Structure formats: C-alpha cells, structure tokens
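In: Need a 3D model of the sequence below.
(one chain, ligands or ions: 3)
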Amino acid sequence: MRLSKEQIDRYQEDGFLLVESALEGREVERLREAFLRDCDVPGPQRVVEEDRDEVRAIYASHQRQPEYAALLRDPRILEPVKQLLMDDVYVYQFKINAKPAFGGERWSWHQDYVAWRVADALPAPRLVNVGLFLDGVDEFNGPVVFVPGSHRTGLLREDRREGAAKSEQHLDPDDIALTPPQLAALVSEHGMTSPKGPAGSLVFFSPEIVHGSALNMSPFARRLLFVTYNDAANLPSWPGEPRPEYVVCQDTTPLRTLDAPFLDTLEGAAL
Ligand code: HL5
Ligand code: SIN
Ligand code: MN
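Out: Ligands and ions are numbered 1, 2, ... in the order given. Down below sits the predicted model:
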C-alpha cells in the first residue's frame, strides 16, 4: 500500500491521517490473541493503573510475540511510513495502550516529541507514529483526540513536571501535560477531532501533534497499538544511562518491508 499525494498532503496539513479497515478481521484477531498472551508476561514493560492491577500499557511486545515482529514490517504500515519520512527507519518505541471497558484512565494532553527530547535527547522530530485499532474506536470508548494542525506550532514545553514521576516505568503524559490555557488557545484556533473506525484501522500521526484521551466509561475495550518509527539517522544522544530497551528500542538497523501481509509471511515461515 502506498499513500496518494492527497493523503500525504493531508498528513502534512493536519498532522494525522486515518486509513480505515487497513487490516482484515482474522489479522486483528491474531493480534488480539498475541496481546492477551503478552499481558501475562511479568516485567517492567507491563504498566498498570495507579490504584489497581489493570493493564494500562505494555511495551515492546514485538520483542516477545512473532505476530508483532512481523507486523511492523508489513507493507501496509512500513511503506507509508517510509513515504512520510523519506528515509530509512527503525522502531523507536512499540506499545499497546489497553483501555479496558469501564475503567481505562485518561492520557493527558501532550506532544510526544517533548517526552523524547526530555528523556532521550532525541535530536529532531523525525518520527512517525502509527496507531492500529485492536478494537473498534468510537466516541464512547476513549478515542485519541487530536488538535489538528497543532504539530506546526513547535514545542509547547521543554521540561517535565517537577516532583515525583507518575510512573517509573515510562514517561507518562501526565508529567509533560500541557496547561489548560495552552489547550484553550490551541483549540480555539484549530478545534479538536478524534479518528474513529472499525478494528483494523490505522492512524498515522506526527510526534508533534497535541493529543490526549479521556477515560473509558463504556462497556467496550479500546486497545490501541502504537508503533513509533524513527529516521535511522536521528539517533538519541543519551544524556546518561539510556532508558530501558523496552521503552526505547536500541536496535537501529533499518527495516526492510515484507513482500506480503504479516500473517501470510508468518504462516509461510511455519510451513
Ligand atoms: N510513554 C512514552 C515514553 O517514551 C511517552 C509518551 O505517548 C508517548 C508521551 O515513555
Ligand atoms: C498516547 O498518547 O500515547 C496515548 C493515547 C491513548 O492511548 O489514548
Ligand atoms: Mn502520545
């Protein structure tokens, strides 16, 4: 799959691009099964909600589950990313934010690149995020909300909040949250929008776009998988100890696109 000129222009203009139903039902089913398996793996990559043992996020599942290792080289994902970045890329971060029914908590308003500059001294915002809907996303189950065009504003903060971090396992958006006056000004200029669609849809989005999401009070889960690709020439210049491998991947070898969809490749390999 390649993006059209119109799709690329829309990504540059809005800071995100929705591609509905890019993956088939049986493919999404396999990815969900892999997620359930991965939830049972203990370790620091498994982040739970503050007050209960409910998975909030799981990092680096591609290092444990073959479906995900193949997925991130799938032509429907990697080709558009290469078109948008116009260079060799590798996976900087892989995570699944699992908002279960009746409880998945909010993700505060933030820009991703603030986190990666503060925590990893990443030189430039030469990244593309891909969100893959493991469940259908609608207005009820805590969709990601974007401020379209806000990626062209530049960085809205330079530091992380003082005091105790919300989590020691990763940098939670709470610690780099934007202020209400900042949001009010941006939204009065650009408005807000939330890409919605069936499971298997993809949303490509800029590391500089302002985004966040509300808690999930619906009876439906909202599990969202995110792969962040970085330009292979844009390596972090670690200020001290690098962050753990599960949160910022250290294999920077440029990725080669698979010839076929990820499941066909996996099943072919198993024969
Ligand atoms: N949790 C990520 C990290 O790198 C940063 C957030 O949405 C991405 C802001 O620790
Ligand atoms: C994020 O910005 O990483 C999380 C957004 C979400 O999962 O709703
Ligand atoms: Mn984010």
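In: Confirm G212 sits in a helix?
Out: No. Under DSSP: H, G, I helix; E, B strand; the rest coil, G212 sits outside any helix and is assigned strand.
In: isn't it right up against E105?
Out: No. Look at G212 against E105 with Cβ atoms under 8 Å: they stay out of range, at 11.6 Å. Just so you know, the C-beta spots here come from the backbone N, C-alpha and C atoms, and that holds for glycine as well.
In: Work out for me the element whatever residue of the stretch 1-150 of the chain ends up closest to ligand 1 sits within.
Out: Using Cβ to the nearest ligand atom, the closest approach of the stretch 1-150 of the chain to ligand 1 is made by A115 at 3.7 Å. In this assignment (DSSP states H and E), A115 forms part of helix 112-120.
In: just the CA coordinates of the helix or strand that that helix is followed by, formatted as PDB?
Out: Next helix or strand after helix 112-120 toward the C-terminus (DSSP H and E): strand 127-133. Taking Å, rounded to 0.1, in the frame of the first residue of the first chain, the C-alpha atoms of strand 127-133 are listed here in PDB:
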ATOM      1  CA  LEU A 127       9.400  10.200  13.600                       C
ATOM      2  CA  VAL A 128       6.000   8.900  12.500                       C
ATOM      3  CA  ASN A 129       3.600   7.200  14.900                       C
ATOM      4  CA  VAL A 130       1.200   4.500  13.700                       C
ATOM      5  CA  GLY A 131      -1.800   3.700  15.700                       C
ATOM      6  CA  LEU A 132      -3.600   0.400  15.000                       C
ATOM      7  CA  PHE A 133      -7.100  -0.200  16.400                       C
END
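In: can you list contacts of the following helix or strand past strand 127-133?
Out: The helix or strand immediately downstream of strand 127-133 is strand 144-146, counting by DSSP H and E. For strand 144-146, contacts defined as Cβ atoms under 8 Å, 6 or more residues apart in numbering pick out 14-16, 107, 131, 137, 192-195, 203, 205, 209-214, 224.
In: who in the chain is up against ligand 2?
Out: 97, 107, 144, 173, 211, 213, 224 (Cβ under 6 Å from any ligand atom).
In: Next, the contact list for the residue nearest to the fourth one when sequence neighbours are not counted, please.
Out: In space, P173 comes closest to H110 once its chain neighbours are excluded; the distance is 4.0 Å by Cβ to Cβ, 6 or more residues apart in numbering. H110 makes contact with 173, 176-178, 210-212, according to Cβ under 8 Å, 6+ apart.
In: which residues touch the helix or strand that contains R37?
Out: Using DSSP H and E, R37 maps to helix 25-39. With Cβ under 8 Å, 6+ apart as the test, helix 25-39 has contacts from 23, 46, 55, 58, 61, 64-65, 67-68, 71, 96, 98, 132, 134, 199-200, 223, 225, 261-263.
In: residues of stretch 62-75 that come out buried?
Out: For stretch 62-75, the neighbour count (16 or more other Cβ atoms under 10 Å) marks 62-65, 67-75 as buried.
In: and stretch 85-92, what's its mean pLDDT?
Out: Stretch 85-92 comes out with an average pLDDT of 96.
In: How far away from the center of its chain is that stretch?
Out: Centroid separation for stretch 85-92 versus its chain: 15 Å, with Cα atoms, centre = their mean, to the nearest Å.
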